[in-house]
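Asker: compute the structure for the input listed below.
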Amino acid sequence: MPENFLTFRIINDRETALDFSEVLKQNNILFYIEEDALNFDPSYANNQLNKDYRIKIRQQDFTPAAKAFEDFYRPQLDKIEKDYYLFDFSDEELQEIIVKPDEWGYLDYELAKKILADRGKEIQPEKTIELKNARINELSQPETIKTETIVIVYIVTILFWFIGIFIGWYWAYGKKTLPNGFRVLTYSQKTRSHGVRIFAIGIAILIFIIYSRILRPYFDSLPSSDYLPDPF
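Answerer: So this is what the prediction gives:
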């Protein structure tokens, strides 16, 4: 896997993923697509695995890539049929899209701005930049796990140590990728501290299991020195 490449978008349709890749190619942005198999289709409709397609690019290309997609969709806005669902959104709902562009596609983001402008409520470019920066600042804030959830995970770790190892590691060292490509620790210092402890407990239980079920029986099976022949 190429180094220093981060997930830019997750798409569950192959054709859309390929369309995205064409935009990146046109703007000379390095990328690769990683396929993630999710689950088998029990209906056997397509007789294949359902997949996510992760489009990965370099950290420094996140902002240029976002601009490339905004520029790509902007000229297409006039071709969108009037029965498209965003045309029924209220001004407040459209503004929510602009405040949180990371939760919507580039097409919806650009269309929301156009619809507001057509309604006489255009948002100036300086304001959109300000909103994007505010959103990045909001997303960069560390998350805190509730105390009752932490207590439950401690109990689960004692009963199912492998789950504790996974959760503990994720809480302690997990990172999230921001829309600008920067990566920050996901959880607060308090949660990370509990994560370290939970991870350590899980590892300690694993070591105990290995010792009690494998190493100790092995050493107990070795012949005692009392039964070794006297060399003299």
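
Asker: which residue would you name as the spatial centre of the chain?
Answerer: Nearest to the mean C-alpha position of the chain, by C-alpha atoms, centre = their mean, lies Lys176 at 6.3 Å.

Asker: which SS state does it fall under?
Answerer: The three-state assignment at Lys176 reads strand, by DSSP: H, G, I helix; E, B strand; the rest coil.

Asker: can you check Leu6 too?
Answerer: strand.

Asker: may I have the beta-bridge partners of it?
Answerer: When bridges are called by DSSP bridges, Leu6 pairs up with Ile57.

Asker: return the residues in contact with it.
Answerer: Neighbour list for Leu6: Lys56, Ile57, Arg58, Gln59, Phe62, Thr177, Gly181, Arg183 [criterion: C-beta atoms under 8 Å, 6 or more residues apart in numbering]. Glycine gets a C-beta too; all of them are placed from N, C-alpha and C.

Asker: the same query, at a cut-off of 7 Å, please.
Answerer: Lys56, Gln59, Thr177, Gly181 (C-beta atoms under 7 Å, 6 or more residues apart in numbering).

Asker: switch those residues over to JSON lines; also include neighbour count and pLDDT.
Answerer: Listed next are the contacts of Leu6 as JSON lines, based on neighbours: other C-beta atoms under 10 Å; pLDDT from 0 to 100:
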{"residue": "Lys56", "neighbour count": "17", "pLDDT": "95"}
{"residue": "Gln59", "neighbour count": "16", "pLDDT": "93"}
{"residue": "Thr177", "neighbour count": "15", "pLDDT": "94"}
{"residue": "Gly181", "neighbour count": "18", "pLDDT": "92"}
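
Asker: quick one on the thing from earlier: roughly how far does the residue nearest to the centre of the chain sit from Asn4?
Answerer: Separation of Lys176 from Asn4 (C-beta to C-beta, to the nearest Å) stands at 17 Å.

Asker: in the protein, where is pLDDT below threshold?
Answerer: 1-3, 37-50, 219, 224-232 (pLDDT under 70).

Asker: quick one, strands of it?
Answerer: With DSSP state E, the ranges of strands along the chain come out as 5-11, 31-40, 49-58, 175-177, 183-185.

Asker: just so I know, which of those strands lies nearest Asp118?
Answerer: Closest approach to Asp118 among the strands of the chain is made by strand 5-11 (27.6 Å; C-beta to C-beta).

Asker: may I have the phi/psi pair for the residue nearest to Lys190 when sequence neighbours are not counted?
Answerer: The shortest distance from Lys190 to any non-neighbouring residue, by C-beta to C-beta, 6 or more residues apart in numbering, is to Thr144 (6.4 Å). Phi and psi for Thr144, reported as degrees, to the nearest 10, are phi -120, psi 130.

Asker: Thr144 contacts Ser193, doesn't it?
Answerer: No. Using C-beta atoms under 7 Å, Thr144 is not in contact with Ser193; the gap is 11.4 Å.

Asker: distance check, the nearest residue to Val156 once chain neighbours are set aside against Tyr154.
Answerer: Excluding its sequence neighbours, the residue lying closest to Val156 (C-beta to C-beta, 6+ apart) is Ile163, at 5.6 Å. Here the distance between Ile163 and Tyr154 works out to 11 Å (C-beta to C-beta).

Asker: what does Glu138 give?
Answerer: 30 Å.

Asker: more crowded one of these two?
Answerer: Comparing Glu138 with Tyr154 by neighbour count (other C-beta atoms under 10 Å), the higher total belongs to Tyr154, at 15 against 11.

Asker: ok, that one - contacts?
Answerer: So Tyr154 contacts Ile198 (C-beta under 7 Å, 6+ apart).
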